[in-house]
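# Just the structure for this:
(4 chains)
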There are 2 protein chains.
Amino acid sequence: MEKRPITLKDIAKALDLSTSTVSRAMRGHPAISEETRKLVQQYAEEHKYKPNTLALSLRTNKNNTIGVIVPEIVHFFFSSVLAGIQDEAESENYHLLMCNSNEMYEREVKSVQTLLDARVCGILASMSKNTLEYRHFQNIIDDDVHLVFFDRICPGINTDKVVADDYRGAFAAVDYLAETGCSRIAFLGADTHLPISNNRRMGYEDALRKHTLPVEKKWIKVCDTTDLAQQVIPEMLQEENRPDAFFCINDEVAAYCLQIVKAAGFRVPEDISISGFTNAYITEVTDPTLTSVDQHGYEMGREAARLLINRIEGVETKKGVVSRLIKTDLVIRQSTR
Amino acid sequence: MEKRPITLKDIAKALDLSTSTVSRAMRGHPAISEETRKLVQQYAEEHKYKPNTLALSLRTNKNNTIGVIVPEIVHFFFSSVLAGIQDEAESENYHLLMCNSNEMYEREVKSVQTLLDARVCGILASMSKNTLEYRHFQNIIDDDVHLVFFDRICPGINTDKVVADDYRGAFAAVDYLAETGCSRIAFLGADTHLPISNNRRMGYEDALRKHTLPVEKKWIKVCDTTDLAQQVIPEMLQEENRPDAFFCINDEVAAYCLQIVKAAGFRVPEDISISGFTNAYITEVTDPTLTSVDQHGYEMGREAARLLINRIEGVETKKGVVSRLIKTDLVIRQSTR
DNA sequence: ATTTTTTATGCAAACGTGTGCATAACCTTC
DNA sequence: GAAGGTTATGCACACGTTTGCATAAAAAAT
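Coordinates of the predicted model:
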């Protein structure tokens, strides 16, 4: 009844050879005669021999698996990154162990534990929003497991990272807004401890300065969820000196911003311009369609996976930290003039 | 330099015991004295002993890993399912090995191979659109690996499945369209060999019959991508007897349909009603927002994972095929009257 | 005091591979 | 024909666990 898969030992017994000979024959060791090599390989082929990866892993202490921790799965950007990681890993014959922190610190810690217990060769991680304690990430490094951060890097940990060029993306978008006549440009960002938000804000501010526009505190808000959008944006619209453009940290906020602005009776882009960030699918279905900054998540995923694999296999030998920057591209649609 | 993780053997040596005793002490075997048990467990705790899962897997021939094959990752519905699978697997201490067929038959076959080679305990799969040959799925069963299909089931393979109640979802949507005064309701579906499409079409037809509306061939089209939408919908709008409602197989097509219909000068929902399927994120950002049928992807993922794990652990003992139906819910928004 | 039972521990094999070393057989060379 | 070289194969162990069986020591029963 039980159909046990065929092993090297079985082949050895059947062909009256030792397992070592069979093992060597399979991997084309030079000290094996052409004759027996063919014999063994043919027999293996016929009986559909599959090396037991578990045994192999135990032997070599390498399981060819890399772990991924994302803060969210149902998310255009992160799923794009995941797709890139997946493709790169697959082409290099690595398996993918996926964990989802769900933007919760505790689950992030647990995910790290899970991956270390599974003895992965390396970990790709994007930090949860509310993670302020970094001990668990340090544990990875202390265990001599390679670690590469992508997008949401961890400021307290000194390790390789792949990030989008947030500064230039933000600069390009705000520069465009200013050039098309907007002068009161609001920045809807995330918590200041997140580098992605800070970098974009610097791009935003520098673009304003380039056009000699003032950097006003009241136009810079933490507003990175749709809930916050419902709360923050209406208030801003009611001020005597309301913004004439919104540069949003992500496309969801931008889409909600668009709805709120329209509902308040303003025309987009004639009265108010709006730009998002990510260039997610939804930018094409709003009315008007949304201008956004493409983050190239797929490429970021590929790049991060490649870097990690290079580290694992010793191809990347740089002693210090390797930082890769993924270019960002402004995609102009109808929500800006 | 090399920081080798501590093993049972190390503990044994340090405490001058045999590895077997240490092993038993760790797992609370009754034939071990309270004294040594505490001694061992404390030492293990202090030295942060972690059982080597690879060795364990080899020993028990179970690696506590389940494989998932999805046709697409950057996809609201599939990523929702993935999130559900992930949560359920994690709570049952199973790892997740993820594969992405990218709607390509060849990659699907390769993914199955990958997962079988990795010796997963079971596989969750949703079929690629253009898969017509089922040999690779049969291989899974022949290898005595558990297999559960979700959503896009494979008609030729006799195994457990979890699907949405497509029939009732479609029925509810079309019923609603008819009740709100639509009488020329178009069905934009997928290829007929996909059960999800057929089931929805049956729901569509039955709802029409309930309202004694004719089932017209010319209003039933294969149109499941945005590319096809651009091509099919304008033609339908130009006919003398144009549809006054579109029931679309997914929300992307519905969103594009909405754009096309609006661009052609029709009002939604006054002139033409539109309903999607899935209840993805985009339904809330279009203008008007989109009526859709919620497929509860997350629940489907959880249910599928639970069923698979029950099979693996022998909890689910039913001899034949287990079929689970996930309820669907019509969510009414502004694109219908 | 001897036998039986109980209790706690160790030995050795197993899971499927890979590899250093030994060895046997064959071939070359003088 | 013996020494040395080459070629092909096998032995034994290692990776880290678990587990059936044997066994030593202690306790209980006769």
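# All the helices of the stretch 51-200 of chain A, in order from the start?
A:53-60, A:76-91, A:105-117, A:135-142, A:166-179, A:195-210 (DSSP state H, counting those that start in this stretch).
# among those, which is nearest DNA strand C?
helix A:53-60 (3.4 Å; CB to the nearest atom of the strand). From N, CA and C alone the C-beta is placed, and that goes for glycine too.
# what pLDDT does the closest residue to A:T192 other than its chain neighbours get?
Closest residue in space to A:T192, ignoring its immediate chain neighbours: A:N198 at 6.2 Å, by CB to CB, 6 or more residues apart in numbering or on different chains. A:N198 is assigned a pLDDT of 95 by the prediction.
# next one: A:V70
pLDDT, A:V70: 97.
# Could you measure from the spatially closest residue to it that is not a sequence neighbour over to A:Y298?
Using CB to CB, 6+ apart and skipping the chain neighbours, the partner closest in space to A:V70 is A:F78 (4.6 Å). Distance of A:F78 to A:Y298, computed by CB to CB, to the nearest Å: 11 Å.
# Repeat that for A:V70.
Applying CB to CB to A:V70 and A:Y298 gives a distance of 14 Å.
# So which of the two has more stuff around it?
A:V70 (27 against 22; other CB atoms under 10 Å in any protein chain shown).
# Just confirm the more buried one contacts A:S101, I think it does.
Yes. Counting by CB atoms under 8 Å, A:V70 touches A:S101, with 7.1 Å between them.
# Let me see the contact set for A:G297.
By CB atoms under 8 Å, 6 or more residues apart in numbering or on different chains, the contact list for A:G297 reads A:F76, A:F77, A:F78, A:S79, A:S80, A:V81, A:A83, A:G84, A:T278.
# So what sits opposite the last one in the bridge?
A:T278 has the following beta-bridge partners by DSSP bridges: A:D294.
# How about the contacts made by it?
Going by CB under 8 Å, 6+ apart, the list of residues near A:T278 reads A:F76, A:F77, A:N250, A:D251, A:S292, A:V293, A:D294, A:Q295, A:G297.
# The third one now?
Taking CB under 8 Å, 6+ apart as the definition of contact, the neighbours of A:F78 are A:V70, A:P71, A:E72, A:S126, A:G297.
# Can you give me the neighbour number for the third one?
What that stands for is A:E72. A:E72 - counted by other CB under 10 Å - has 18 other residues nearby.
# ok, now the second one?
Counted with other CB under 10 Å, the neighbours of A:P71 add up to 22.
# What residues does the stretch 201-337 of chain A have near chain B?
Residues of the stretch 201-337 of chain A lying close to chain B by CB under 8 Å from any CB of the partner chain are A:E252, A:A255, A:Y256, A:L258, A:Q259, A:K262, A:Y281, A:I282, A:V285, A:T286, A:D287.
# coming back round to it: find residues that contact each of A:V70 and A:Y298.
By CB under 8 Å, 6+ apart, A:V70 and A:Y298 have these common neighbours: A:V81.
# Please name the nearest non-neighbouring residue to A:I260.
A:I260 sits nearest to A:I233 (CB to CB, 6+ apart), 4.8 Å away.
# tell me which element that neighbour is part of?
helix A:226-238 (DSSP states H and E).
# Mind listing what's buried along that helix?
A:T226, A:L228, A:A229, A:V232, A:I233, A:M236, A:L237 (16 or more other CB atoms under 10 Å in any protein chain shown).
# For the closest residue to the fourth one other than its chain neighbours, give me phi and psi.
Using CB to CB, 6+ apart and skipping the chain neighbours, the partner closest in space to A:V232 is A:C223 (4.5 Å). Dihedral angles of A:C223 (phi, psi; degrees, to the nearest 10) stand at phi -160, psi 80.
# Relative to chain B, how far out is A:C223?
As defined by CB to the nearest CB, to the nearest Å, A:C223 lies at a distance of 16 Å from chain B.
# which residues does that residue contact?
Per CB under 8 Å, 6+ apart, neighbours of A:C223: A:L188, A:G189, A:A229, A:V232, A:I233, A:C248, A:I249, A:V253.
# What does the pLDDT read for it?
97.
# didn't A:I309 look like it was pressed against A:E92?
Yes. The criterion here is CB under 8 Å, and A:I309 meets it with A:E92 at 5.2 Å.
# Looking at these two now, which is surrounded by more residues?
Comparing A:I309 with A:E92 by other CB under 10 Å, the one with more neighbours is A:I309, at 23 against 16.
# so where does the more buried one fall, helix or strand?
Per DSSP H and E: helix A:297-312 holds A:I309.
# Tell me the gap between the helix or strand just after that helix and the middle of its chain.
Going down the chain from helix A:297-312, the next helix or strand is strand A:323-326, by DSSP H and E. Chain-centre distance of strand A:323-326: 12 Å, with CA atoms, centre = their mean, to the nearest Å.
# so what does strand A:323-326 touch, helix or strand wise?
For strand A:323-326, the elements it packs on are strand A:160-164, helix A:297-312, judged by 3 or more CB pairs under 8 Å, 6 or more residues apart in numbering or on different chains; DSSP states H and E.
# List the strands paired with the first one, with their directions.
By that I understand strand A:160-164. strand A:146-150 (parallel), strand A:323-326 (parallel).
# Just want the residue of the stretch 201-337 of chain A that's nearest DNA strand C.
For the stretch 201-337 of chain A, CB to the nearest atom of the strand, closest residue to DNA strand C: A:E313, 15.3 Å.
# burial of that residue, as a residue count?
12.
# Also A:S33?
Applying other CB under 10 Å, we find 10 residues neighbouring A:S33.
# how close does it sit to DNA strand D?
4 Å (CB to the nearest atom of the strand, to the nearest Å).
# Let me have the helices and strands packed on strand A:323-326 in a markdown table, adding mean pLDDT as columns.
Putting the helices and strands packed on strand A:323-326 into a markdown table (pLDDT from 0 to 100) gives the following:
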| stretch | mean pLDDT |
| --- | --- |
| strand A:160-164 | 97 |
| helix A:297-312 | 97 |
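# Using CSV, lay out the ones you listed together with distance to B:K38.
As requested, the helices and strands packed on strand A:323-326 are exported to CSV (distance: least, CB to CB, whole Å):
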stretch, distance to B:K38
strand A:160-164, 42
helix A:297-312, 39
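# tell me the contacts of A:K327?
So A:K327 contacts A:D165, A:R168, A:H296 (CB under 8 Å, 6+ apart).
# And the closest residue to A:T19 other than its chain neighbours, how far from chain B?
With sequence-adjacent residues excluded and distances taken as CB to CB, 6+ apart, A:T19 is closest to A:A12, at 4.5 Å. According to CB to the nearest CB, A:A12 stands 19 Å off from chain B.
# and the host helix or strand of A:A12, what other elements does it pack with?
Taking DSSP H and E as the criterion, A:A12 maps to helix A:8-15. Applying 3+ CB pairs under 8 Å, 6+ apart, one finds that helix A:8-15 makes contact with helix A:19-26, helix A:34-46.
# Fine by me, thanks again.
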